[in-house]
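*Asks:* Sequence plus the predicted model coming up.
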Amino acid sequence: MFDDERITWSIDGGGKLFYRNGLKYSVTNVGGWIKVLDRKLSTKFLYYVLIDQWTQKSFDYTKKAHPSIIRDEYIVPLPPIEVQNEIVRILNNFTGLISELTAELTARQKQYGYYQDLLLARDGKEYTLDEVCQIVDCPHTSPKWKETGVPVIRNYNLVNGIIDTSKLSYVDEQEYAARVKRIVPQENDILFSREAPIGNVGIIPANFKCCQGQRVVLLRPNPQIVMPQFLIYVLQSEAVKEQINRVEKIGSTVSNFNISDLKKLKFSIPPIEYQDEISKKLEAFSRICADIFSGLPAEIAARQKQYEYYRNKLLSFTER
């Protein structure tokens, strides 16, 4: 058993801690910080202790006079400094691995985006989305949901150019008929989310009956100008994302992307005979990256759980 000290400090509701220069611990949106003065206590050890204790606490904000600020007492164990340093070394290894995996994922995503934009940059004619597509907005009513029936494609179903059917919502035939009065979705139509996450797209596969959810726009490409699969890659390019981000920044309170702004999106389209070749190259590259993009996040999540497990075990001391 070890001696302990009690410290009281302020932290905001987010509970995020930042390690700075091995001397201070600051908290999000709070001006206070803690400086370690006693050589019996390792600063980084204290950091891990506070993180571990914070994640295991719960607070009733309704009983606080100022719910944005929480004041609470933490018990800080004081094993010998050699033990503290060894615990820090072990936990640093875990957090270092998580950081490396996260950096690797970010680098691979940037690499994919770079090569995608490089292939899409082939000489072509500049168009607006309105010039290459029929654009049909969704019905502006909430559907009458059913347990089964015809799938309604919502913004979260649009993932990396495809329609994710793992979490579908449904309507009956009567509601479906009302929702497709403007246009009946068909194979190779593209669905575009104009609500967060803005800009997500998915292409409708063959023999898939569905209708649009709220804030989901249907795009029907003109086959004389652009292939649907090529347009999917264009809409996911950095050039288009930058245009969407600019509009979002101008209207900071806007929660969705207006149809008028959607129609104005600009991009270059090469002759139709080159689009299939470019699409095939991007599809092959996507398959190579798919394992990385699905595998790395899973590995990061697993390592995060492992780190939290060992952090809890290593920092569990018997109170005297």
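*Replies:* Sure thing, it's come through.

*Asks:* Helices of the stretch 201-320 of the chain, residue ranges please.
*Replies:* Taking DSSP state H, counting those that start in this stretch to define them, one finds helices in the stretch 201-320 of the chain at 228-235, 238-250, 259-263, 272-314.

*Asks:* Most tightly packed of these?
*Replies:* Among these, ranked by average contacts under mean count of other Cβ atoms under 10 Å, first place goes to helix 228-235 (a mean of 21). To be clear about C-beta, it is placed using only N, CA and C from the backbone, and glycine gets the same treatment.

*Asks:* Send over that helix as PDB, restricted to the C-alpha atoms.
*Replies:* Extracted in PDB, the C-alpha atoms of helix 228-235 (Å, rounded to 0.1, in the frame of the first residue of the first chain):
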ATOM      1  CA  PRO A 228     -22.300   7.600 -63.300                       C
ATOM      2  CA  GLN A 229     -19.300   5.800 -61.800                       C
ATOM      3  CA  PHE A 230     -17.000   8.500 -63.000                       C
ATOM      4  CA  LEU A 231     -19.200  11.200 -61.500                       C
ATOM      5  CA  ILE A 232     -19.200   9.400 -58.200                       C
ATOM      6  CA  TYR A 233     -15.400   9.800 -58.100                       C
ATOM      7  CA  VAL A 234     -15.600  13.400 -59.100                       C
ATOM      8  CA  LEU A 235     -18.100  14.200 -56.300                       C
END
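
*Asks:* got the angle for that helix vs helix 238-250?
*Replies:* Here helix 228-235 points in a direction 50 degrees away from that of helix 238-250 (axes from the mean of the first three to the mean of the last three Cα atoms, to 10 degrees).

*Asks:* Show me what helix 228-235 is in contact with.
*Replies:* In this structure, residues lying in contact with helix 228-235 by Cβ atoms under 8 Å, 6 or more residues apart in numbering are 116, 120, 132-133, 161, 188-190, 192, 199, 201, 203, 219, 221, 226, 240, 265, 267, 269, 275-276, 278-279, 282-283.

*Asks:* Just the buried subset of these, please.
*Replies:* 116, 120, 132-133, 161, 188-190, 192, 199, 201, 203, 219, 221, 226, 240, 265, 267, 269, 275, 278-279, 282 (16 or more other Cβ atoms under 10 Å).
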